[in-house]
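S.K.: Fold the following and give me the result.
(one chain, ligands or ions: 2)
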Amino acid sequence: MGKTIVEKIWEHHLVSRGDNGPDLLYIDLHLLHEVTSPQAFDGLRGKNRYVRRPELCFAVMDHNVPTENRRVIHDHIAKKQLEALEKNCLQFGIRLAGLDSEDQGIVHVTGPELGLTWPGKTIVCGDSHTSTHGAFGALAFGIGTSEVEHVLASQTLYQTRPKVMNVHIRGKKSFGVTAKDIILHFIARYGTDAGTGYVMEFTGEAIREMSMEERMTICNMSIEAGAKAGLISPDDKTINYIKGRKYAPADKEFDGFVQKWRALASDQNATYDKTLEISADEVAPMVTWGTNPGMAVPITGCVPTIENSISANQKSEIMAAATYMGLSPGERLEGVNVQHVFIGSCTNARLSDLQEAAAIVKDRKVFSGVRALVVPGSQDVKKQAEKEGLHQIFIDAGFEWRESGCSMCLGMNPDIVPEGERCASTSNRNFEGRQGKGARTHLMSPVMAAAAAIMGKLTDARTMASEEEALHAIN
Ligand SMILES: CC(C)[C@H](C(=O)O)[C@@H](O)C(=O)O
Ligand code: SF4
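M.R.: Ligands and ions are numbered 1, 2, ... in the order given. Okay, here's the model as predicted:
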């Protein structure tokens, strides 16, 4: 019988099978950042333990990092966490991409970029969006701080074998539709708990046609659909992306790895525990109206109305979300004014995201009174973008061009949306208070956020992408 990629990776990493409990898995790559690691290192010190395989760990500073002036960190907790990471990496011999490193960036952007992320690896990080690395055919998932300590000490982790879901994305996406729209559409349709207990494998023509960057956007948000992890079987695109990167297998070993990687892809006759499908050609540019990523509709749509047919629970959920967002049931999304625009985060701050946004922004101006930020996902993205002159397009239009970090994706650093104000954001979470206390977040793609910045309101980017260049960049 055929096997899925998840079953294959699981079997390759099994240290011991739990008879009545979880299995013990070997972990190939442990990524660390400043927020979820300090207590884990303290735990090691307290028990007089050392890090079992420091060479399989890689740490970055991302969540707390100021993106304007990196040298000035006012927040006491942020400062303490960043200092702790530096001290811990030094003490335990772990590579660190700190504020002065050209490798610094958001952990889920830098891992793939540095060639640390390979097909078939088990990858963990004290961070839920570790699922991003699944785009390469890795089994990658977030863990809690006590598990971080366990992995540091033993390079292993107890895990219950997950069920595997085939998320099949049929057909091709239409003009102006991005990977972000596909995943928002999926979550809106099946719910934020669709993936509970499952690893999602994304398959189908639309996925095969996507770039690695687009695949990362999809896997990044699989967690918002409730999944344990999301992944995509490796193919030529995966292999070409990895080749030649800093920590990729050396050239002389590369072909050997490629053979193993190709063999990992799910078999044609593999059986899945569940299959969910969507058609890419039915997806329109999406925007969230509410306070979880599943509360999303096409930009041409409206906040849901309170129909008699829905349950009391659903009614109060819609009312609470709409009230927090300062919207009314039935209100059209297109035309809602925004005061902030954030193009950034591990979902959508890679070079292709900035290229697509810049195609909309070029020769236009940010709407008067709107504060718009572009925060590259890493120093490398920043450098590449500057080489192409993208920064100038954004700056000329009135955007702020920042240093890399998590930034406005979450309120852990100085990039905050003030209470009651509205932000068009390319990030992945729109929970109450996510971008600051009382902040109102609308999730969307980089092209849609760029369009909102220019128009000062939620806008269908397709109506602005008439120039050939923009068309080319989006599709
Ligand atoms: C701070 C961190 C633990 C958190 C996560 O786990 O995802 C953050 O990255 C987020 O996106 O909410
Ligand atoms: S960019 Fe946002 S989602 Fe990604 S790791 Fe940072 S805080 Fe989490």
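S.K.: Which single residue in the protein comes nearest to ligand 1?
M.R.: S128 (3.5 Å; CB to the nearest ligand atom). Every residue, glycine included, has its C-beta placed from N, CA and C.
S.K.: For that residue, give me its contacts.
M.R.: S128 sits next to 142, 223 when contact means CB atoms under 8 Å, 6 or more residues apart in numbering.
S.K.: Quick one: the strands in the stretch 301-450 of the chain, in order.
M.R.: All strands of the stretch 301-450 of the chain, identified by DSSP state E, counting those that start in this stretch, fall at 340-343, 371-374, 400-401, 422-425, 440-443.
S.K.: and these as JSON lines, adding mean neighbour count and mean pLDDT?
M.R.: Compiled in JSON lines, the strands of the stretch 301-450 of the chain are given as follows (neighbours: other CB atoms under 10 Å; pLDDT from 0 to 100):
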{"stretch": "strand 340-343", "mean neighbour count": "28", "mean pLDDT": "98"}
{"stretch": "strand 371-374", "mean neighbour count": "26", "mean pLDDT": "98"}
{"stretch": "strand 400-401", "mean neighbour count": "16", "mean pLDDT": "98"}
{"stretch": "strand 422-425", "mean neighbour count": "28", "mean pLDDT": "98"}
{"stretch": "strand 440-443", "mean neighbour count": "27", "mean pLDDT": "98"}
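S.K.: Including distance to ligand 2, could those go into CSV?
M.R.: Formatted as CSV, these follow (distance: least, CB to the nearest ligand atom, whole Å):
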stretch, distance to ligand 2
strand 340-343, 10
strand 371-374, 13
strand 400-401, 17
strand 422-425, 10
strand 440-443, 11
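S.K.: can you list the residues that contact the longest helix along the chain?
M.R.: Criterion DSSP state H: the longest helix present in the chain is helix 76-92. Applying CB under 8 Å, 6+ apart, the contact partners of helix 76-92 are 32-35, 37-38, 41, 44, 50-51, 54, 57, 59, 61, 64-65, 73, 94-96, 98-99, 152, 412-413.
S.K.: now do 7 Å
M.R.: 34-35, 37-38, 41, 50-51, 54, 59, 61, 64, 73, 96, 98, 412-413 (CB atoms under 7 Å, 6 or more residues apart in numbering).
S.K.: now do stretch 190-201
M.R.: By CB under 7 Å, 6+ apart, stretch 190-201 touches 4-6, 162-167, 222, 224-231, 233, 266, 273-274, 276, 292-294.
S.K.: Can I have the buried ones of these as a ChimeraX selection?
M.R.: In ChimeraX syntax, the buried subset of those is picked out as below (16 or more other CB atoms under 10 Å):
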select :4,5,6,162,164,165,166,167,222,224,225,226,227,228,229,230,231,233,266,276,292,293,294
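S.K.: Tell me the residues of the chain that contact ligand 1?
M.R.: 35-36, 63, 127-129, 142, 410 (CB under 6 Å from any ligand atom).
S.K.: quick one, what contacts M286?
M.R.: M286 neighbours (CB under 7 Å, 6+ apart): 181, 184-185, 296-298, 444.
S.K.: let's see 6 Å
M.R.: Contact partners of M286, counting by CB atoms under 6 Å, 6 or more residues apart in numbering, are 181, 184-185, 296.
S.K.: G436 versus A138, what's the distance?
M.R.: 33 Å (CB to CB, to the nearest Å).
S.K.: So between the two, which is more surrounded?
M.R.: Applying other CB atoms under 10 Å to A138 and G436 shows that A138 carries more neighbours, namely 32 against 19.
S.K.: on that earlier part again, over the longest helix of the chain, what's the mean pLDDT, rounded is fine.
M.R.: What helix 76-92 shows for mean pLDDT is 97.
S.K.: Now it: buried residues?
M.R.: 78, 81-82, 84-86, 88-89, 92.
S.K.: Just the CA atoms of it, as CSV, please.
M.R.: C-alpha atoms of helix 76-92 as CSV (Å, rounded to 0.1, in the frame of the first residue of the first chain):
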residue,chain,number,x,y,z
HIS,A,76,12.2,46.2,29.2
ILE,A,77,10.9,42.7,28.5
ALA,A,78,11.9,42.8,24.8
LYS,A,79,15.4,43.9,25.8
LYS,A,80,15.7,41.2,28.4
GLN,A,81,14.6,38.5,26.0
LEU,A,82,17.0,39.6,23.3
GLU,A,83,19.9,39.8,25.7
ALA,A,84,19.0,36.3,27.1
LEU,A,85,19.0,34.8,23.6
GLU,A,86,22.4,36.2,22.9
LYS,A,87,23.8,34.9,26.2
ASN,A,88,22.2,31.5,25.9
CYS,A,89,23.4,31.0,22.4
LEU,A,90,26.9,31.9,23.5
GLN,A,91,26.8,29.6,26.5
PHE,A,92,25.4,26.6,24.7
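S.K.: That helix near ligand 2 anywhere?
M.R.: No. Applying CB under 6 Å from any ligand atom, one finds helix 76-92 separated from ligand 2 by no less than 13.0 Å.
S.K.: Run the chain-centre distance for that helix.
M.R.: Centroid separation for helix 76-92 versus its chain: 24 Å, with CA atoms, centre = their mean, to the nearest Å.
S.K.: Helices along the stretch 151-300 of the chain, start to end?
M.R.: 179-190, 205-209, 212-220, 236-242, 251-264 (DSSP state H, counting those that start in this stretch).
S.K.: Include mean pLDDT when you put the ones you listed into TSV, please.
M.R.: Shown next, in TSV, are those (pLDDT from 0 to 100):
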stretch	mean pLDDT
helix 179-190	98
helix 205-209	98
helix 212-220	98
helix 236-242	98
helix 251-264	97
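S.K.: Switch those helices over to a markdown table; also include mean neighbour count and distance to ligand 2.
M.R.: Putting the helices of the stretch 151-300 of the chain into a markdown table (neighbours: other CB atoms under 10 Å; distance: least, CB to the nearest ligand atom, whole Å) gives the following:
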| stretch | mean neighbour count | distance to ligand 2 |
| --- | --- | --- |
| helix 179-190 | 25 | 13 |
| helix 205-209 | 18 | 21 |
| helix 212-220 | 26 | 8 |
| helix 236-242 | 18 | 20 |
| helix 251-264 | 13 | 26 |
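S.K.: Many thanks, have a good one.
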